[in-house]
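A.B. asks: fold the stuff below for me.
(4 chains)
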Number of protein chains: 2
Amino acid sequence: MSRYDPSAFPPFAVTVDLVVLTVREHELCALLVRRGEPPFQGYWALPGGFVRPDEGLGEAASRELAEETGLRAHSTAGQTAAGAHLEQLATYGHPQRDPRMRVVSVAHLALAPDLPTPKPGGDARGARWAPVSELLGPGPADREPLAFDHALILADGVERARSKIEYSALATAFCAEEFTVGELRRVYEAVWGVVLDPRNFHRKVTGTPGFLVPSGGTTTRQGGRPAQLFRAGGATVLNPPMLRPES
Amino acid sequence: MSRYDPSAFPPFAVTVDLVVLTVREHELCALLVRRGEPPFQGYWALPGGFVRPDEGLGEAASRELAEETGLRAHSTAGQTAAGAHLEQLATYGHPQRDPRMRVVSVAHLALAPDLPTPKPGGDARGARWAPVSELLGPGPADREPLAFDHALILADGVERARSKIEYSALATAFCAEEFTVGELRRVYEAVWGVVLDPRNFHRKVTGTPGFLVPSGGTTTRQGGRPAQLFRAGGATVLNPPMLRPES
DNA sequence: TTAATAGTGTCTTTCAGACACTATGGA
DNA sequence: TCCATAGTGTCTGAAAGACACTATTAA
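C.D. replies: Residues are numbered from 1 along each chain as shown, chains lettered A, B, ... in the order given. Below you'll find the predicted structure:
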């Protein structure tokens, strides 16, 4: 009973699927594409595709992300100007998840700032940003289902994002290169679906070493008193963490 | 450019590899098996094997765990008598990670109580529990390397375990069905490689709702004053968490 | 002036960490 | 008796949450 018999392995197809999240108009949104062929023709699905024979899993995810959004991914450290955070999420391999053949999908999670194009992707298929609240949660049972097991993957990705912004500086991946404390707070509020105290949030976020560095300027783009502009500091883990309010 | 063309997908082999951790004699240990055939013949490796055409990824991991250790896995909730915790860890698919062919491995993490058999597995291959400290970290450069990318997978699994016992009740998966507070403390000390204050640990762990439930009895198996016996409570997330000492 | 957002200060409670002290068994 | 471990109490400092108050812009 050899463990790796190259002449007699069961054949699998391996794909990557992407949970691409952004914050638009105070709402957490996910990128969906419309399927142009069966199965699930006409359904909305997560972007994704086959892993090529000579590329790694992260490479494949990065390539798909660029094809769909034009974003360059930074899978290790924080993002820069035209970049997004990208990390592996989980792998889904239920034998019947694709009705045609055995497909194992390595899902990845990408966090991006609000993109200028409302309908991204140069592809011929349709694409849209859909509010996560309309896709998941205790919504009406008649809402449009996603293709394959993509609702499950999306739910896992959203939960990963919600929990990771507690202990890491990842929330800045949703912001532009320069942002205010208020804009960062609205990111947390949108991702968690809560309302946070602006004063406590300000004290906490500016008091966490390495989270934010002042970039010098100010802006009044949110109205009111001019707010300092910040960039993401080098820190990846937050100490103390930003704790999500309970229940 | 169809995304799922069943007639022209690149063929992959899909395996599961297991990071099986336990605590033996105050040390965090991982289960290794010796490879009986090339490549890496004679090297120590993580247990694992091919995913069968009709089984899911978690099923495959559970089957491999049972074959290697006799443990039944409980992948969702806490473990029971002869069970271990099992969860998906991450997927490794570098194109050259196996010299013979394209293999994508879905690694899983299993946490088990100290097993009665020092050399587990009814298989003909050798197997052993190896202290994690001897396999990872800034040890001597002449230490025996693991097969494939298994050192990387092991490091990721150990880091996952170290971080998960902070926020979840998973540390009880390393204990027998009934255990004392001191035994649980020694689990934390072994996994984190630190020394904890017994009094503060006791106060914290007994004050966290749902973590421990008294089972009524006492034991003196650790010497000293008789200690209360506990079972794992139903809680999966700990609030407040058990924070790992810094640096 | 009013409305809106930015930012500071202050109080209370909770909890982590340090550590004195008591309790209860075995050798 | 001594020694080991179990378990409680008490103090201090850090930080979260509630919220009064000031600051600075645009309409």
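A.B. asks: and the helix-or-strand element of chain A with minimal mean pLDDT, what does it pack onto?
C.D. replies: When the helices and strands of chain A are scored by mean pLDDT, DSSP states H and E, strand A:72-74 comes last with a mean of 77. For strand A:72-74, the elements it packs on are helix A:57-69, strand A:83-92, judged by 3 or more C-beta pairs under 8 Å, 6 or more residues apart in numbering or on different chains; DSSP states H and E. Any C-beta I mention is one placed from the backbone N, CA and C, and that applies to glycine too.
A.B. asks: quick one, the lengthiest helix in chain A and strand A:83-92 angle?
C.D. replies: Ordering each helix of chain A by length in residues (DSSP state H) puts helix A:150-167 first. With axes from the mean of the first three to the mean of the last three C-alpha atoms, to 10 degrees defining the directions, helix A:150-167 sits at 130 degrees from strand A:83-92.
A.B. asks: tell me if helix A:150-167 is near chain B.
C.D. replies: No: figure legend: helix A:150-167 not in contact with chain B (C-beta under 8 Å from any C-beta of the partner chain); closest approach 9.0 Å.
A.B. asks: roughly how far does A:Leu136 sit from A:Ala112?
C.D. replies: 19 Å (C-beta to C-beta, to the nearest Å).
A.B. asks: neighbour-wise, which of the two wins?
C.D. replies: More neighbours surround A:Ala112 than the other of A:Leu136 and A:Ala112, with 24 against 18 (other C-beta atoms under 10 Å in any protein chain shown).
A.B. asks: could you report the pLDDT at the more buried one?
C.D. replies: If you check A:Ala112, the pLDDT there is 96.
A.B. asks: and the residue lying closest to it once chain neighbours are set aside, how far from A:Ala155?
C.D. replies: Counting by C-beta to C-beta, 6 or more residues apart in numbering or on different chains, A:Ala112 lies nearest to A:Ala84, which is 4.0 Å off, once chain neighbours are set aside. Distance, A:Ala84 to A:Ala155, by C-beta to C-beta: 20 Å.
A.B. asks: what helix or strand does the residue nearest to A:Trp44 when sequence neighbours are not counted sit in?
C.D. replies: Distances taken as C-beta to C-beta, 6+ apart put A:Leu32 closest to A:Trp44, at 4.2 Å, once the chain neighbours are dropped. Using DSSP states H and E, A:Leu32 maps to strand A:27-34.
A.B. asks: looking at the helices and strands packed on strand A:72-74, spot the one closest to A:Pro10.
C.D. replies: strand A:83-92 (16.2 Å; C-beta to C-beta).
A.B. asks: list the contacts of that closest one.
C.D. replies: A:17, A:19-20, A:57-58, A:61-62, A:65, A:69, A:71-75, A:78-79, A:104-113, A:149, A:152-153, A:156-157, A:160, A:170, A:173, B:57, B:88, B:90-91, B:106 (C-beta atoms under 8 Å, 6 or more residues apart in numbering or on different chains).
A.B. asks: can I have the buried ones of those as a ChimeraX selection?
C.D. replies: If you want just the buried ones from the contacts of strand A:83-92 in ChimeraX, going by 16 or more other C-beta atoms under 10 Å in any protein chain shown, the selection is:
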select /A:17,19,20,57,58,61,62,65,69,71,73,75,78,79,104,105,106,107,108,109,110,111,112,113,149,152,153,156,157,160,170,173 /B:57,88,90,91,106
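A.B. asks: in the strand holding A:Leu32, what counts as buried?
C.D. replies: Neighbour-count burial for strand A:27-34, counted by 16+ other C-beta under 10 Å, picks out A:27-34.
A.B. asks: helix or strand right after the longest helix of chain A?
C.D. replies: helix A:181-192.
A.B. asks: relative to helix A:57-69, how tilted is the longest strand along chain A?
C.D. replies: The longest strand of chain A (DSSP state E) is strand A:13-24. With the same axes, to 10 degrees applied, the angle from strand A:13-24 to helix A:57-69 works out at 50 degrees.
A.B. asks: now strand A:13-24, how far from the centre of its chain.
C.D. replies: Put simply, strand A:13-24 sits 7 Å off its chain's centre (C-alpha atoms, centre = their mean, to the nearest Å).
A.B. asks: what lines up beside that strand in the sheet?
C.D. replies: strand A:27-34 (antiparallel), strand A:48-50 (antiparallel), strand A:103-111 (parallel) (DSSP bridges).
A.B. asks: from DNA strand D, how far out is the residue nearest to A:Trp44?
C.D. replies: Counting by C-beta to the nearest atom of the strand, to the nearest Å, the gap from A:Leu32 to DNA strand D is 33 Å.
A.B. asks: hang on, that residue packs against A:Arg128?
C.D. replies: Yes: the criterion here is C-beta atoms under 8 Å, and A:Leu32 meets it with A:Arg128 at 5.7 Å.
A.B. asks: who in chain A is up against chain B?
C.D. replies: Counting by C-beta under 8 Å from any C-beta, the residues of chain A that sit close to chain B are A:2-4, A:6, A:9-15, A:35, A:37, A:48-57, A:88, A:90-95, A:98, A:100-104, A:106, A:239, A:246.
A.B. asks: check the residues you listed for burial and list the buried ones.
C.D. replies: A:3-4, A:9, A:12-15, A:35, A:48-51, A:55-57, A:88, A:90-95, A:98, A:102-104, A:106.
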